[in-house]
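In: Next input, structure requested:
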Amino acid sequence: MKNKILNFLIYGFGQSINILGPLLIVPFIIAICNEDGLGKVGISFSLSLIFCCIIDYSSTIIGTKNTSINRDNVEILRNLFCDFFLTKLLILSILIALLIFGVYSIPYLQQEKTLFLLIIPLLIAQLFNINWILQGLEKFKLIAIFNVLSKGSYILLVFLLINKKQDYIWVNFFLGISNLFFNIIASIYIIKKLNINLKSFSIQNSIKLLKSDFRICASEFCLAIYQFFPIIIVGYLVGNTGAGIFKIIEQIISVFRTYIFMFFNFSYPTICFDLEKDSNKGYKTWLVYHTGNTIIIAFGCLFIYFIKDYVFDFFRVSNELLPTLNSLLKIGIFIPIIISISQAFRQLLLGKEIIKPYTMIIYASTIINIVLIYLLTKVFELKGVLFATIIIEFLVIFSFAYFIKKNNKYQTVL
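Out: Reported below is the predicted structural model:
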């Protein structure tokens, strides 16, 4: 247990820059580029995150789980790395071609052609992102070191080189080149550790991986759409300034979301390993982890709500926007608590490989979420996005719980 706590603290320290970085950069962008510039950065960044999720394919779920289970078998680890790398390379090539085509053919993207083309380094960096295998091996110290270095470089570049209102186009580019540099170094480390050479790669195995893991990848893509597409809809319906206002609320929620996914990634290998060895032990571990985590999230949300005036001052928002932001935060502050519960059930479904029901839930919730966001934003404007998110998260929780209950091994405890 001491090692687990120490690993979590190390991993948490490394991931904390994912929380602190945006908190430093968002007020700075607002001050230099205004809410309009922030909205444009947020829209392009959300698109890059959706693409990055596709590039990852099933590596963060299936790859991490198989790494955790086979952590002592170098041959299997070598094959996992090579198969996923080639698969990601194929997907990356297709996505870059689609992005370039879209930028020159879709009017919405044409308006900010340079902004969207400059996310390409972010996509290339994702090819070399090996956090999935490091998490499976529980090399949290290495993850922390590489993450601090890459995000630290990104923050430094933004503060040094973003000087004019038009410079918003470079924000995501700086993140991309920072990630790319340190992800390549991390990949070289793994290549040497696993003694990988060109003969280790097999295009046939990558094609098999594309076919076998398509269902889980499609669900993760839908999950990315579910998480990152709302700001794109907001930008389309309300405009870039509205997207900027929403980005401020989203950034507050994202502090908790980042922590929740950090906790998910940290605990996932342990949960998978325990469930594989002893289902009852794995379930108890899951219950203890996520009960404590949800309580922490709830107290954190309560604290943020009580200091909301200081939070808005920190983001340097104009006084005329404060009533709007206050009304949005009253709704949005509950979202992290609900997300922590839904992610807990998601982890258990994935850990027990209850894949078909999981993918059905993700597909359905994504479609309903997009429709709800569009309709409710038309009626309630920015509040509609938050209402839609809360409704869908509750539906997801109840659906996950139903299929876990339906699984024979948990009928007596849920």
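In: out of everything not next to it in sequence, what's closest to A401?
Out: F345 (6.0 Å; C-beta to C-beta, 6 or more residues apart in numbering). All C-beta atoms are positioned from the backbone trio N, CA, C, and that covers glycine.
In: Let me see the contact set for the one you found.
Out: The contact partners of F345, taken as C-beta atoms under 8 Å, 6 or more residues apart in numbering, are V396, I397, F400, A401, I404.
In: run the last query once more with 10 Å
Out: Contact analysis of F345 by C-beta atoms under 10 Å, 6 or more residues apart in numbering lists 286, 290, 358, 361, 396-404, 414.
In: now the helices: where do they sit in the stretch 301-414 of the chain?
Out: 308-314, 322-332, 335-351, 355-380, 382-406 (DSSP state H, counting those that start in this stretch).
In: Mind exporting the C-alpha coordinates of the third one to PDB?
Out: C-alpha atoms of helix 335-351 as PDB (Å, rounded to 0.1, in the frame of the first residue of the first chain):
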ATOM      1  CA  ILE A 335     -20.600  18.000 -13.100                       C
ATOM      2  CA  PRO A 336     -17.200  16.800 -11.800                       C
ATOM      3  CA  ILE A 337     -19.000  14.800  -9.000                       C
ATOM      4  CA  ILE A 338     -21.200  13.100 -11.500                       C
ATOM      5  CA  ILE A 339     -18.300  12.400 -13.900                       C
ATOM      6  CA  SER A 340     -16.200  10.800 -11.000                       C
ATOM      7  CA  ILE A 341     -19.100   8.300 -10.500                       C
ATOM      8  CA  SER A 342     -19.600   7.500 -14.200                       C
ATOM      9  CA  GLN A 343     -15.800   7.000 -14.700                       C
ATOM     10  CA  ALA A 344     -15.700   4.600 -11.700                       C
ATOM     11  CA  PHE A 345     -18.300   2.400 -13.300                       C
ATOM     12  CA  ARG A 346     -16.600   2.800 -16.700                       C
ATOM     13  CA  GLN A 347     -13.400   1.400 -15.200                       C
ATOM     14  CA  LEU A 348     -15.200  -1.600 -13.800                       C
ATOM     15  CA  LEU A 349     -16.900  -2.400 -17.000                       C
ATOM     16  CA  LEU A 350     -13.600  -2.200 -18.900                       C
ATOM     17  CA  GLY A 351     -11.700  -4.100 -16.300                       C
END
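In: Begin at 41 from now on, thanks
Out: That works, and once the first residue is 41, the last one we named lands at helix 375-391.
In: gap between that helix and the chain center?
Out: How far helix 375-391 lies from its chain's middle: 14 Å, per C-alpha atoms, centre = their mean, to the nearest Å.
In: what domains does the record give for the chain?
Out: Using automatic domain parsing, the domains assigned to the chain come out as 41-247, 253-454.
In: who wins for proximity to G54 among the helices of the stretch 341-454 of the chain?
Out: Nearest to G54 among those is helix 375-391; the distance by C-beta to C-beta comes to 19.7 Å.
In: ok and the closest one relative to helix 422-446, angle-wise?
Out: Orientation of helix 375-391 against helix 422-446 (axes from the mean of the first three to the mean of the last three C-alpha atoms, to 10 degrees) gives an angle of 30 degrees.
In: tell me the mean pLDDT for helix 375-391?
Out: For helix 375-391, mean pLDDT rounds to 93.
In: Go ahead and produce CSV holding the CA coordinates of whichever helix or strand Q244 is part of.
Out: For Q244, the enclosing helix or strand under DSSP states H and E is helix 243-252. In CSV, the C-alpha atoms belonging to helix 243-252 read as follows (Å, rounded to 0.1, in the frame of the first residue of the first chain):
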residue,chain,number,x,y,z
ILE,A,243,2.0,-4.7,-40.7
GLN,A,244,-0.1,-7.9,-40.6
ASN,A,245,-0.3,-7.8,-36.8
SER,A,246,-1.3,-4.1,-37.0
ILE,A,247,-4.1,-4.8,-39.4
LYS,A,248,-5.3,-7.6,-37.1
LEU,A,249,-5.2,-5.1,-34.2
LEU,A,250,-7.2,-2.6,-36.3
LYS,A,251,-9.9,-5.3,-36.8
SER,A,252,-9.9,-6.8,-33.4
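In: same for it, what does it pack against?
Out: Packing partners of helix 243-252 (3 or more C-beta pairs under 10 Å, 6 or more residues apart in numbering; DSSP states H and E): helix 114-145.
In: Buried by neighbour count: which residues of the helix it packs on qualify?
Out: 117-128, 130-132, 135-136, 139, 143 (16 or more other C-beta atoms under 10 Å).
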